[in-house]
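Peer 1: Quick check, what structure comes out for this input:
(4 chains)
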There are 2 protein chains.
Amino acid sequence: MTIGEVAERADVATSALRFYEREGLISAVRSEGGQRRYQREVLRRIAFIRAAQRVGLTLDEIRTALGTLPESRTPTAADWQRLSRSWRPLLDRRIAELERVRDKLDSCIGCGCLSLRICHLFNPDDIAAEEGPGPRWLLDEEAVAP
Amino acid sequence: MTIGEVAERADVATSALRFYEREGLISAVRSEGGQRRYQREVLRRIAFIRAAQRVGLTLDEIRTALGTLPESRTPTAADWQRLSRSWRPLLDRRIAELERVRDKLDSCIGCGCLSLRICHLFNPDDIAAEEGPGPRWLLDEEAVAP
DNA sequence: GTATGACTTGAAGTTAACTTCAAGTCAAGG
DNA sequence: CCTTGACTTGAAGTTAACTTCAAGTCATAC
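Peer 2: As a prediction, the model looks like this:
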């Protein structure tokens, strides 16, 4: 497949495909004239990349993940499985965090405590300040994670 | 408060505070010598900004939201309530999207269909291609939303 | 065989949200 | 008074993930 065909099937700009190649995320053979010719498998790789981005990974992390795939053979279902399975904890953490924000909003909206110093949602100062700077309820996870 | 004191209490770099001011998100009066002096209220504003960022809003959107606050008086609990209440649908959508990704991963890992053309998770081509380019299951929401 | 559109490269531009730098000026303790 | 650390400004730098541009080459339909 040409770069244009891949771009259309994967719904990615050709400039992005060249960029991914420079970044070592995908590869292609060349025609006699020097143009890129892609194998079908690249579509799966691109789909993986896009899915991983959706999950929240950077291209850097994705490159690392792809680097663990075998080079000697076409990756199997089990190979892809292993990679996507590793996203699970990350996804769970991100979902939990957003739910925490949502529920905090809920309770603050519900109790109307926004103006009180006991509400951590908009009161990083005062009481919360005694435990350290910043809105603790929001930053706890980051503070704990490396 | 000086910029340094605010920076410490709000856990934000002084450079960020100056940036926020240039961007019209916060403001300060000046000392005789021209240094910034902040009112206590700025802490709440900064907390709001950081919380909004957590939810996924851009500074542009946050500036717009802050712009709806009354200028003539100190914002009340109801004012902040109104703003944060508007985050709810966005939060719900983001959570739902991540859950969709997670469940899709689950079912794909569970059924081991990663190598089959019926699995939409890693098969944007083939069957999915008939409905248009790209991994539909991932892009549907964006395609529908404005 | 030629016109046309797809492809090539390296370099520079884009956006968000800041940070860093240079070259100073201000404020406060001793 | 004087030192020292905090503060000032505008401009330029940073990072991620690309896109755009210029100037040209390749592939293919007719």
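Peer 1: Now for the nearest residue to residue A:29 once chain neighbours are set aside: which residues touch it?
Peer 2: Nearest residue to residue A:29, sequence neighbours excluded (C-beta to C-beta, 6 or more residues apart in numbering or on different chains): residue A:37, at 5.2 Å. For glycine as for every other residue, the C-beta is placed from the backbone atoms N, C-alpha and C. Going by C-beta atoms under 8 Å, 6 or more residues apart in numbering or on different chains, residue A:37 touches A:1-2, A:28-31.
Peer 1: Strands of chain A, residue ranges please.
Peer 2: Per DSSP state E, chain A has strands spanning A:29-30, A:36-37. These are given in chain order.
Peer 1: circling back: okay, the residue nearest to residue A:29: pLDDT?
Peer 2: With respect to pLDDT, residue A:37 scores 97.
Peer 1: next one: residue A:61
Peer 2: 93.
Peer 1: Around it, how many other residues sit close by?
Peer 2: A count of nearby residues for residue A:61, using other C-beta atoms under 10 Å in any protein chain shown, gives 14.
Peer 1: Please tell me how far the closest residue in space to residue A:74 that isn't next to it in sequence sits from residue B:33.
Peer 2: Distances taken as C-beta to C-beta, 6+ apart place residue A:41 nearest to residue A:74, at 6.2 Å, with adjacent residues excluded. According to C-beta to C-beta, to the nearest Å, residue A:41 and residue B:33 sit 66 Å apart.
Peer 1: These two: which is more packed in?
Peer 2: residue A:41 (11 against 5).
Peer 1: What is the least confident helix or strand in chain A?
Peer 2: When the helices and strands of chain A are scored by mean pLDDT, DSSP states H and E, helix A:127-130 comes last with a mean of 35.
Peer 1: shouldn't residue A:91 be in contact with residue B:102?
Peer 2: Yes: in this structure residue A:91 lies within contact range of residue B:102 using C-beta atoms under 8 Å: 4.6 Å.
Peer 1: Give me the nearest residue to residue A:36, chain neighbours excluded.
Peer 2: residue A:28 (4.1 Å).
Peer 1: Just list the residues touching the closest residue to residue A:62 other than its chain neighbours, thanks.
Peer 2: Spatially, and ignoring its direct neighbours in sequence, residue A:62 is nearest to residue A:52 (4.7 Å; C-beta to C-beta, 6+ apart). For residue A:52, the contact set (C-beta under 8 Å, 6+ apart) comprises A:61-62, A:65, A:87.
Peer 1: What about those, which are in helices?
Peer 2: Among those, the members falling in helices (DSSP state H) are A:61-62, A:65.
Peer 1: Contact partners for the residue in chain A that DNA strand C sits nearest to?
Peer 2: Residue of chain A nearest DNA strand C, by C-beta to the nearest atom of the strand: residue A:4 (2.5 Å). Each residue near residue A:4 by C-beta under 8 Å, 6+ apart is listed here: residue A:14.
Peer 1: swap in residue A:26?
Peer 2: A:17, A:20, A:38, A:42, A:45-46, A:49.
Peer 1: give me that answer again for 10 Å
Peer 2: A:6, A:10, A:12, A:17-20, A:36, A:38, A:41-43, A:45-46, A:49, A:66 (C-beta atoms under 10 Å, 6 or more residues apart in numbering or on different chains).
Peer 1: show me the contacts for the residue nearest in space to the middle of chain A.
Peer 2: By C-alpha atoms, centre = their mean, chain A has its centre lying nearest to residue A:56, at 1.5 Å. By C-beta under 10 Å, 6+ apart, the residues touching residue A:56 are A:87, A:90-91, A:93-94, B:98, B:101.
Peer 1: Fine by me, we can end here.
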